[in-house]
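Trainee: need a 3D model of the sequence below.
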Amino acid sequence: MHQLFRLVLGQKDLSRAGDLFSLDDSEIEDSLTEALEQIKIISSSSDYQTNNNDQAVVEICITRITTAIRETESIEKHAKALVGLWDSCLEHNLRPSGKDEDTPHAKIASDIMSCILQNYNRPPVMALAIPIAVKFLHRGNKELCRNMSNYLSLAAITKADLLADHTDIIVKSILQVW
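Mentor: Okay, the predicted model is just below:
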């Protein structure tokens, strides 16, 4: 892993997290999978929900990672780690608090969702993502569900057979909303 990612994620150093944006995308591209795995560990810790520093570090790192993936067009290389982090969000509360503020894991899920599902025209990525994507439809977060539905409809246009095994879940989600 790039030494700056190692420092920022290893020490959860918010003061250095912004420096990640000064690095060239190609300079960090080989570190992204390992950084995603480290983020998964941090976000799964018992105090993550209440630790504002860790949440801020994770948000900044995810933004940097997803930007680098988009700019280097390396989604296939990092899809497994992205989907793994995304899937880990399902183990946590995703329902907004009383003020309609997303939980820390809903924020992660939303950022990862857009990075992954904007690649709806890449069947290998969708083959990994669709089974996880449909799980978000019944997690009590209307905004995540709405966005997920939009992305799934795009995926259906490009590769409908990937959604065939999940038709029941998708239909139940639609009926539940209405």
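Trainee: can you give me the buried ones in stretch 158-166?
Mentor: K159, L162, L163, H166 (16 or more other C-beta atoms under 10 Å). (C-beta placed from N, C-alpha, C; glycine too.)
Trainee: could these go into a markdown table alongside distance to E143?
Mentor: Below are those laid out as a markdown table (distance: C-beta to C-beta, whole Å):
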| residue | distance to E143 |
| --- | --- |
| K159 | 25 |
| L162 | 24 |
| L163 | 21 |
| H166 | 20 |
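Trainee: with adjacent residues omitted, what lies nearest to the spatially most central residue of the chain?
Mentor: Nearest residue to the geometric centre of the chain (C-alpha atoms, centre = their mean): I112, 2.0 Å. Distances taken as C-beta to C-beta, 6 or more residues apart in numbering place W86 nearest to I112, at 4.3 Å, with adjacent residues excluded.
Trainee: quick one: contacts for the one you found?
Mentor: Applying C-beta atoms under 8 Å, 6 or more residues apart in numbering to W86 gives the contacts I108, A109, I112, M113, I116, A129, I132.
Trainee: please enumerate the helices of this structure.
Mentor: Secondary structure of the chain (DSSP state H): helices at 3-10, 14-17, 25-28, 32-43, 52-72, 75-89, 104-117, 123-133, 142-159, 167-177.
Trainee: looking at those helices, which is nearest to R95?
Mentor: helix 104-117 (7.9 Å; C-beta to C-beta).
Trainee: what comes up buried for that closest one?
Mentor: Buried residues in helix 104-117, defined by neighbour count with 16+ other C-beta under 10 Å: 104-113, 115-117.
Trainee: ditto for stretch 62-76
Mentor: I62, R64, I65, T66, A68, I69, T72, S74, I75.
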